[in-house]
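K.L.:
My questions are about this predicted structure, shown below with the sequence.
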Amino acid sequence: MQSYIDLKRFNTLQLPAVAREFFQADSREQLIDILRANGASSQPLLLLGGGSNLILTDDYNGLCLRINSRGVESQSLSDDRVRVTVQAGEPWHQFVDYCLQHCWYGLENLALIPGTVGAAPIQNIGAYGVEVKQYIDQVEVWDRQLQQLRRLDNDECQFGYRDSVFKTAQRDRYVIVSVSFTLPTLFTPVLAYGGLADLLPQSPTARQVFEAVVDVRQRKLPDPQCLANVGSFFKNPIVTQLQFERIKAEYPDLVAFPDLGGVKLAAGWLIDRAGWKGVREGAVGVHIHQALVLVNYGGATGEQLLALASRIQADIKQRFDVLLEIEPRVI
């Protein structure tokens, strides 16, 4: 256990904040032990994985627990399915690559998404027509209310668009310890979203899809190690068909996609169309090539970043009557 640790190097926005106590759990056993001890003490708890979905606005007067537990186990379920159980601290992108090396498919469209495996269910990460909920079988959690390990099945996780029970209703109750996936061993490409098929041969391999996604993401999104950011800062808003038609009538080039809840608008297009792409206000700004990404040019605070985000939200609401929701968690 360490005291008064600067968290700047533990969040990809590189925002300054000091944790009163800090502990890195490098194994499943350490993670459970520290959670059990924390439950006995009842002190505030902040969880960190890769720090890629977090906006820190102040010092943290409690325990910051960084989950770094590793390990991957597999069990054959049939000739064409395998169950893969992964400890929460495994880096997500490396895990996706590991799956392809073992001919386990389904996650290749989610390549290069930052963060850890344990963070993936919280956000129900998704990209290029795939959401992680499609492959999650169970999530093993430490229940801070009952002070015991539990396993939640897919339905109990209450997955939604960039949402889950871990982010909303029971945000502070559960700590994800491991995630179990059911993955096919026969590859079926998902190429209908975002022009992915245009970048690939007619019958691509899973590795080719993986590499195409990596290439697109590297071209579209800044590397957090070079320019501090958390990737997509706002969710793509879902509007009614009537709202979509009204905006489309005024802006024929509106980018949108069908969704079960209505029509999903491209938040990046809205921000770009409103003229925010490349705007810089001191140490914070909107990325010059990707309007959906807010960046810290160096020395910014969480309050400065949120102030810029608030101005963007107000402008989009005024122009399009659409409310943008911040995607990362604000602490």
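P.N.:
Arrived safely, thanks for sending.
K.L.:
so residue 102 sits right up against residue 74, yeah?
P.N.:
Yes. With contacts counted by Cβ atoms under 8 Å, residue 102 reaches residue 74, the gap being 7.2 Å. C-beta coordinates here come from the backbone N, C-alpha and C atoms, glycine included.
K.L.:
what about the protein, any weak spots by pLDDT?
P.N.:
Counting by pLDDT under 70, the ranges of the chain that qualify are 169, 194.
K.L.:
List the contacts of residue 230.
P.N.:
12-13, 52-55, 224, 294, 327-328 (Cβ atoms under 8 Å, 6 or more residues apart in numbering).
K.L.:
now for those, which pair is the farthest apart?
P.N.:
Maximum pairwise distance among these (Cβ to Cβ): 14.8 Å, between 224 and 327.
K.L.:
With neighbour numbers in mind, choose between these two.
P.N.:
The neighbour count for residue 224 versus residue 327, taken as other Cβ atoms under 10 Å, is higher for residue 224 (21 against 18).
K.L.:
Report the contact partners of that one.
P.N.:
Applying Cβ under 8 Å, 6+ apart, the residues near residue 224 are 12-13, 52, 114, 230-231.
K.L.:
Among those residues, which one has the most neighbours?
P.N.:
residue 230 (26 neighbours).
K.L.:
Can you list the helices and strands that the longest strand along the chain packs against?
P.N.:
Using DSSP state E, we find that the single longest strand of the chain is strand 174-184. Using 3 or more Cβ pairs under 8 Å, 6 or more residues apart in numbering; DSSP states H and E, the elements in contact with strand 174-184 are helix 28-41, strand 81-87, helix 120-123, strand 136-143, strand 148-153.
K.L.:
who does it pair up with?
P.N.:
strand 81-87 (antiparallel), strand 136-143 (antiparallel) (DSSP bridges).
K.L.:
relative orientation of that strand and helix 28-41 in degrees?
P.N.:
With axes from the mean of the first three to the mean of the last three Cα atoms, to 10 degrees as the basis, strand 174-184 and helix 28-41 are set at 150 degrees to each other.
K.L.:
Okay, angle between strand 174-184 and strand 148-153 too, please.
P.N.:
Using the same axes, to 10 degrees: strand 174-184 against strand 148-153 is 40 degrees.
K.L.:
Enumerate every residue touching the closest residue to residue 186 other than its chain neighbours.
P.N.:
In this structure, residue 186 finds its nearest non-sequential neighbour in residue 80, 5.1 Å apart by Cβ to Cβ, 6 or more residues apart in numbering. Residue 80 makes contacts with 184-186, as judged by Cβ under 8 Å, 6+ apart.
K.L.:
Now do the phi/psi pair for residue 80.
P.N.:
Torsion angles at residue 80 (phi, psi; degrees, to the nearest 10) stand at phi -130, psi 20.
K.L.:
rewinding a little: out of the strands paired with strand 174-184, flag the one nearest residue 264.
P.N.:
That would be strand 136-143 among the strands paired with strand 174-184, by Cβ to Cβ, at 21.5 Å.
K.L.:
Distance from that closest one to the middle of the chain?
P.N.:
With Cα atoms, centre = their mean, to the nearest Å as the basis, strand 136-143 stands 17 Å off its chain's centre.
K.L.:
what do you get for stretch 233-241?
P.N.:
16 Å.
K.L.:
Determine how far the last residue of it lies from the first.
P.N.:
In stretch 233-241, first residue to last residue: 24 Å (Cα to Cα, to the nearest Å).
K.L.:
got the buried residues for it?
P.N.:
Neighbour-count burial for stretch 233-241, counted by 16 or more other Cβ atoms under 10 Å, picks out 233-239.
K.L.:
ok, of the residues you listed, which one's closest to residue 318?
P.N.:
Nearest to residue 318 among the buried residues of stretch 233-241, counting by Cβ to Cβ, is residue 237 at 14.4 Å.
K.L.:
Make TSV out of the helices and strands packed on strand 174-184 and add distance to residue 320.
P.N.:
Shown next, in TSV, are those (distance: least, Cβ to Cβ, whole Å):
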stretch	distance to residue 320
helix 28-41	44
strand 81-87	40
helix 120-123	25
strand 136-143	34
strand 148-153	37
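K.L.:
among those, which is nearest residue 265?
P.N.:
helix 120-123 (19.3 Å).
K.L.:
same for that closest one, what does it pack against?
P.N.:
Counting by 3+ Cβ pairs under 8 Å, 6+ apart, helix 120-123 packs on strand 174-184.
K.L.:
what element comes up after the strand it packs on heading to the C-terminus?
P.N.:
helix 206-220 (DSSP states H and E).
K.L.:
Identify the residues contacting that following helix?
P.N.:
In contact with helix 206-220 (Cβ under 8 Å, 6+ apart) are residues 96-97, 100, 105, 108-113, 127-128, 187, 189, 191, 194, 196, 199-201, 204, 289-290.
K.L.:
Weed out the non-buried ones from those residues.
P.N.:
96-97, 100, 105, 108-113, 127-128, 187, 189, 191, 196, 199, 204, 290.
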